[in-house]
Structures are given as C-alpha cells and as structure tokens.
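**Student:** Only the shape, not the letters, is given here:
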C-alpha cells in the first residue's frame, strides 16, 4: 500500500503491482563470498516459485525425472567391478548413484546447476565417496575456487564451513564440485533456463492467491470508498486504512481504494470499480497468457507428458509418444550428456575403467498386439505378460527321449535300432532293472563289439539282442500300438523283412496283384497308406463304389 502526497480535493490510497525479483550479485566487504541476490536469498526465491506455481512446479519436477532416467549402467554391458560399486554404493551410507542423480537433476532444473561433495581416501589414491549438497546452503567466492556451507544463510550467527573446489591434483580430504550450465554474462552463479518467464511464473502464483481471496469474499469486484469530511491527519488516515483492510479484504491483497475528499457529510460512499479479467470468475485469458509463456520458457510442446491437460488435446498414445521423442531429442538427451560428462570423471577417479551412462526412461508403456506377441515372445514370456504362473516343466530322462523316438519310427527302422541295442539297454528303455551279463552287441562274426557311445547312459549288461528275447521285446512294444482286436483281418500273408536293400526295394514296390494296378486299386492303396485303420465301408463311400467290389479287390491282394 503506497500513500500519495496531499493533493486537492483529497488523498487517494492505491495498490501497486510488484515486479518479480531479479538476481543481483554483490561481493561482501571482506570478499569471502559473493552474495546470491541483493539479500543473498535468491535460491530460496527460486525454490518458492517451484513449490507454489501450479504449472511451473510440475513441469520442473517432470523434466528432472526424465533426465534422471532409470538409474545408471555400464556401457556396452561390459564388466567393471569398480564402476559397478560406484553405481551401487556412492558413499558410506550405501546411497546409490541413482539416488544422488535424482537430487542433482532437480537442482539442475530449479537453479541451473548443482553441488557435490567428494571425499578422497586416506592414501590419496582414489575417490572414496560422493554426496549431494543442498544448493541453497552453499555460496561461492568470485572464481569458484572456494565454497562456504551454511545450513541457514539467514542466521548471521552461524559460522559456515569452508571447502576447496574439486582438484584432482590435490587428492586430500573433502572438496566441492560445482557444475553449472553456461549462461552468457554470468560468472559466479548459475541461473535456470526458465528465467525469461520469471514474471509469468510469479504472476501464476499471485493469480492463484487472487482467486483464493475472491472466493473468500464472494468474488465481489473491487470497490472505491469515498470518505468525506475534513482532511484526516496521517495517523487518522492510517487507522482508517487499517480498519477497512481488516474488515473488508480477503486472504490476499486489497480489494478497495480509499479516497479522502473535502466535503460536508457523514456518509461514506462505496462505488464498484467494475469487473476486469482478474475480477471475473473467468480467468481463461489470463491463464492462457501465463501458460503460453511458461510452456515456452520450459520448451514444453506436449504438456500431457507432465500431467497437464490442455483444451483441444486428446492425449492419445501416438501423440504422447511423438511428443516425448521430440522432447527427449531436443532437451533430455543434452541434459543427460551434461550429467554423464561429470559423473564419468568422478567414476574414473573412483577406479572405474569403463564409462557409465544413464538408462533412459519412457513415459509411455507400449502395449503389443496379440499378433506381435505371438511372433516375438517365448511361451514363458507370453504367460508372464498374461499374468499366469510359470509352467511346471516335466523332466524327461534320456531313456524316455529315446523311447519316444523309437515309438515314432516305422517298424522297419525301429527293428534296426533295437537290433543295435544290448539287452540291458532295452530293459532301461522299458524302465526295468538291469541283469547280469555282457554290455556289448554281437558283431557279424559273433564277437562282442563295444556298445555305441550314445547309449552309454543306460545300465550296461547282457549280450542278447532284442529278437533273441521275445518276452523282453513284447514287454517293450506292449507299451505302444493298438490291440489286435481293433482291426478286421481280411487276408494274411507272410513277408520276410531283410536288411538287403534290393529286397526292401522289391517289397516297397509290391502291388495288390501281379501286373499293373488299376486306377481303383491305386486309389484304395493310397487311402490305406493314409489311414491304416480305414474300413471297406469307408473306402466304398469315398470311392463311390460298392462295398463288395472293395472286398473282392482286398481279397485279391
């Protein structure tokens, strides 16, 4: 509240809008450190903006989250014990590098820089610990070679602690790393990138206070109160102003003007000042103005990435993905590289041999279609995606694998395989205990030949082949096939199986009858080859002939 000078016909007390603070750097008289702002409290002011502004705050915090990413990893998946330790445990309190980076990224976005305290080991051979320092608690000398740490800079009685700047040439004790983004014309301290919108960010907070004040006084417009009578003394004027303020104003700001006029009367006159954009309930124009400038200063193209809804924006998945890619490539990547540069320096002094990098984060969870899942995921991954428990895998023994394989073979091939096995190998396939005897297969001359290496997993004993032990063969083959009663025998014929290739060839070329097969006979043979259990009735139905004709041809064979 400013008081105007006396002027006829009276005096008017008016309310002036304040301008946002701008930083002023001053060196103290002793030159120990440089003041950060005219009252040395500028970091506190920036923190207040972050804490109170409804758009600026979430955007700043969201940017810091994207920059910090999902922690750190060693480049190219290489192994480096020192780098892994530096990532997992940055100091004696088991604080991870990811935790420190989260704090550092927020400082970088709020203040334009960050402080780290580094501690060398006792022998001065490597970096032992890294800590984050509260940005508001540190002040620097003019050339950033010395830093003073105080918990509360408002307390003049507190004695700060002095630390030297980070110096790898002097690996002793505690040192301070001050990393700041470049700003033209600045030397001692950093400033954030949103400085051009500082007035709009401050206005966002003040408009919020104004909305609160109007809501508490019923959204009434401003008033001009005319107080007639003799010109009051300065003390009387202060008393009147104080009383009106206490009786009529809301939670924030004044909602009236007082005018003192020289006229006779004892009635105070109250006039409406009318409604403006800030006294109406509709703040859309003012809000758009503030929002546009805040978004521009923060380089925000997709507000939905920070949880801010904007009219006319659907916030679809593709829109968010495209917006994030733009934001990531134009802003996040550069900030991450800025952090990685210094943290890799510190990791190197901690003994790391392989570079480390920030793991990027993606705000959009990509949902795969069922077609994509089926082609790129394993069965176990699909079950996990669907929230199903892992399958209980049945352990299959080597003997079971071989048994299943033999069962799937044709009779000719199965016979050849079984003829190459010892008696105990076949007993192993049938889950029978071994018997005493040889562990070899008779050779062509009757001499024992070594068992094949691939069968050494079975119990070794016995020297009889499978066809020399019918009971064992029947016991094995009884586990497979179908009962004889399931089939209708039309005709029997003895066929001698031979190992001779020519005889097998003749057998394979056998036809139903001597001479050339008819088309009907060929069709019957083709259907029987496809289904060994096919009945004459089914053959007749498929080939559109009488069942008797089918039976005659089968008997002829």
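**Tutor:** Now that the structure is in, tell me what you want to look at. Worth saying up front: this structure is predicted, and the values here are computed from it rather than measured.

**Student:** Run a quick neighbour tally on residue 285.
**Tutor:** Burial of residue 285 is recorded as 11 neighbouring residues (other CB atoms under 10 Å). Glycine gets a C-beta too; all of them are placed from N, C-alpha and C.

**Student:** I'd like the distance between it and residue 300.
**Tutor:** To residue 300, residue 285 is 20 Å away according to CB to CB, to the nearest Å.

**Student:** And for residue 58?
**Tutor:** According to CB to CB, residue 58 and residue 300 sit 10 Å apart.

**Student:** the more surrounded of those two?
**Tutor:** Remark: of residue 58 and residue 300, residue 300 carries more neighbours, 22 against 15, as counted by other CB under 10 Å.

**Student:** Let's verify the more buried one: helix, strand, or coil?
**Tutor:** Under DSSP: H, G, I helix; E, B strand; the rest coil, residue 300 falls in the coil class.

**Student:** For it, what are phi and psi?
**Tutor:** phi -90, psi 120 (degrees, to the nearest 10).

**Student:** Enumerate every residue touching it.
**Tutor:** 59, 294, 306, 327 (CB atoms under 8 Å, 6 or more residues apart in numbering).

**Student:** Of those, which pair is most distant in space?
**Tutor:** 294 and 327 (15.4 Å; CB to CB).

**Student:** what about residue 55, neighbour count?
**Tutor:** Residue 55: 20 neighbours (other CB under 10 Å).

**Student:** Just the pLDDT for residue 176.
**Tutor:** On the pLDDT scale, residue 176 is placed at 97.

**Student:** any idea which element it lies in?
**Tutor:** Remark: residue 176 resides in strand 174-180, with elements defined by DSSP states H and E.

**Student:** count of neighbours near residue 292?
**Tutor:** Neighbours of residue 292 (other CB under 10 Å): 12.

**Student:** Ok, residue 235 next?
**Tutor:** Around residue 235 there are 8 residues (other CB under 10 Å).

**Student:** Check the burial of residue 93 by counting its neighbours.
**Tutor:** 9.

**Student:** what's the spacing between it and residue 179?
**Tutor:** 22 Å.

**Student:** Name the residues of the strand holding residue 176 that are buried.
**Tutor:** 175-180 (16 or more other CB atoms under 10 Å).

**Student:** and of those, the nearest to residue 318?
**Tutor:** For the buried residues of strand 174-180, the residue nearest residue 318 by CB to CB is residue 179; the value is 36.6 Å.

**Student:** How about the contacts made by that closest one?
**Tutor:** 113-114, 116, 338, 342.

**Student:** Looking at those, which are in helices?
**Tutor:** The members of these that map onto helices under DSSP state H are 338, 342.

**Student:** Buried ones among the contacts of residue 179?
**Tutor:** Buried among the contacts of residue 179 (16+ other CB under 10 Å): 113-114, 116.

**Student:** Can you work out which residues contact both of residue 58 and residue 300?
**Tutor:** Contacts common to residue 58 and residue 300, judged by CB under 8 Å, 6+ apart, are residue 306.

**Student:** correct me, but residue 194 touches residue 56?
**Tutor:** Yes - at 7.1 Å, residue 194 counts as touching residue 56 under the criterion of CB atoms under 8 Å.

**Student:** what residues do those two have in common as contacts?
**Tutor:** 201, 294, 298.

**Student:** could you list every residue that touches the first one?
**Tutor:** If a contact means CB under 8 Å, 6+ apart, then residue 201 has 20, 49, 53, 56, 194, 294, 297 as its contacts.

**Student:** redo that, cut-off 7 Å
**Tutor:** 49, 53, 56, 294 (CB atoms under 7 Å, 6 or more residues apart in numbering).

**Student:** how about the nearest residue to the third one, chain neighbours excluded?
**Tutor:** In other words, residue 56. residue 201 (4.6 Å; CB to CB, 6 or more residues apart in numbering).

**Student:** and residue 123, helix, strand or coil?
**Tutor:** Three-state call for residue 123 (three-state DSSP): coil.

**Student:** Please give the number of neighbouring residues around it.
**Tutor:** Neighbours of residue 123 (other CB under 10 Å): 8.

**Student:** so how far is residue 58 from it?
**Tutor:** From residue 123 to residue 58 the distance is 47 Å (CB to CB).

**Student:** Please work out how many residues are found near residue 158.
**Tutor:** 11.

**Student:** Please name the bridge partners of residue 180.
**Tutor:** Listed by DSSP bridges, the beta-bridge partners for residue 180 are residue 113.

**Student:** buried sites along the host helix or strand of residue 295?
**Tutor:** When elements are assigned from DSSP H and E, residue 295 belongs to helix 284-298. Counting neighbours by 16+ other CB under 10 Å, one finds that the buried residues in helix 284-298 are 286, 290-291, 293-295, 297-298.

**Student:** and that helix, what other elements does it pack with?
**Tutor:** The contact analysis (3 or more CB pairs under 7 Å, 6 or more residues apart in numbering; DSSP states H and E) places helix 284-298 against helix 198-216.
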